[in-house]
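1. Below: sequence and its predicted model.
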Amino acid sequence: MSLAAIDDFVPRRNVSVRRDGEDFVVVFEVEDIVAFRSKDANALRKICRWLHYAITYDHALTEAEEKALAA
């Protein structure tokens, strides 16, 4: 892949990461379709980066944020 191609790179999908009950989900923005579900939000973020999905909204708290709120 050339540098020009990298500069013109456009993400394939706009998605959001949010909580759905006890799980986290990746949802396609426009369609509001759940693409992935997992107990681990960080794993979902990693797969989104690997697939070149742009996370436009991330409503999932990290473990550190959850611990801070619980304290």
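-> That came in fine, so what should we check first?
2. what sits against the nearest residue to Glu22 once chain neighbours are set aside?
-> Closest residue to Glu22 apart from its sequence neighbours, by CB to CB, 6 or more residues apart in numbering: Lys39 at 7.2 Å. (Glycine included, C-beta is placed from N, CA and C.) Taking CB atoms under 8 Å, 6 or more residues apart in numbering, we find Lys39 in contact with Glu22, Asp23, Phe24.
3. what does Arg19 give?
-> Shown in contact with Arg19 (CB under 8 Å, 6+ apart): Val25, His59, Ala60, Leu61.
4. go on, Val30?
-> Val30 neighbours (CB under 8 Å, 6+ apart): Asn14.
5. mind checking how far it is from Arg13?
-> 9 Å (CB to CB, to the nearest Å).
6. Quick check: next helix or strand after the longest helix anywhere in the chain?
-> Determined from DSSP state H, the single longest helix within the chain is helix 41-50. Downstream of helix 41-50, the next assigned helix or strand under DSSP states H and E is strand 53-58.
7. Which strands or helices does that following strand pack on?
-> strand 13-20, helix 41-50 (3 or more CB pairs under 8 Å, 6 or more residues apart in numbering; DSSP states H and E).
8. what's the most buried one of the ones you listed?
-> Most buried of those by mean neighbour count (mean count of other CB atoms under 10 Å) is strand 13-20; its value is a mean of 17.
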